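[1] What follows is a predicted structure for the sequence shown.
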Amino acid sequence: MKIGVLGAGSMAHALGGQWVAQGHEVFIGGRDGCKAEALGAELGAQSGSLREAAEFGDVVLMGVHWAGIEDTAVAIGDAVRGKVVIDCGNPVEVEGFTLITEPGDSLGELIQRRTGARVVKAFNLCHAEVWQMRPPVFDGRPLAVPYSSDDPAAKEVVAQLIREMGADPIDLGPLYHSKDLEGMGTVIITLLFGGLAPRTVFNLVAA
């Protein structure tokens, strides 16, 4: 699978590294060309601009900070229209730990409207350090990874990526549930800023 990664930060490093290890072709794109090149070299991935990464990927990770989504959308133009885009972000301001999107809206829905992509909300409930685990297992249980999307085929692509890293995909239904995932993400971020270890997670314990 060809995966474009928008951004060269911690989530790009963690998830991009997982995908390279699974044998996927990965392209790191960033506003800072030197940073993207350095991460690409470290992971064994190609690197270049945001637009080049968006054009490269059959699947594209939106790995930029939420505040940079609009600038990223401008930079990539129509390059992800119709493609599977994974949104792993949490639009949370960390002074009051509140979501900054409009009531009833979510970052995932905003990205879908802005880019014309088939967005899947996933990978937003853990610190990047968790996504570096191979596999992410807690108390003997694989990590449960919830995801949501309006597109069944896009969901299956992301479910495959989740399974490949040794985690359990949990289909939450339509993309409007990304708002719920972002609320859960806010709880985790609050706990981490409160001093809990980076590998603090929600996990599903089924009877």
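    Structure received. Residues are numbered from 1 along each chain as shown.
[2] Report pLDDT for residue 103.
    pLDDT recorded at residue 103 is 53.
[3] next helix or strand past whichever helix or strand residue 53 is part of?
    Element membership of residue 53, judged by DSSP states H and E, is helix 50-56. Going down the chain from helix 50-56, the next helix or strand is strand 59-62, by DSSP H and E.
[4] what does the next helix or strand after that following strand contact?
    Remark: after strand 59-62, the chain's next helix or strand is helix 69-76, criterion DSSP H and E. For helix 69-76, contacts defined as CB atoms under 8 Å, 6 or more residues apart in numbering pick out 6-7, 31, 49-51, 54, 62, 64, 89, 107, 110-111, 114-115. Bear in mind the C-beta positions are built from the backbone N, C-alpha and C, glycine included.
[5] Now do the same contact list for residue 39.
    Residue 39 neighbours (CB under 8 Å, 6+ apart): 8, 12-13, 16, 28, 30, 45, 47.
[6] ranges for the strands of the protein?
    2-6, 25-29, 46-48, 59-62, 84-87, 92-93, 98-99, 118-121, 137-138, 141-142, 144-149, 168-171 (DSSP state E).
[7] between those strands, which has the poorest average model confidence?
    strand 98-99 (a mean of 62).
[8] hmm, who's touching stretch 13-29?
    Looking at stretch 13-29 with CB under 8 Å, 6+ apart, the contacting residues turn out to be 1-8, 12, 36, 39-40, 42-54, 56-57, 61, 63, 88, 123, 128-132, 134, 161, 164-165.
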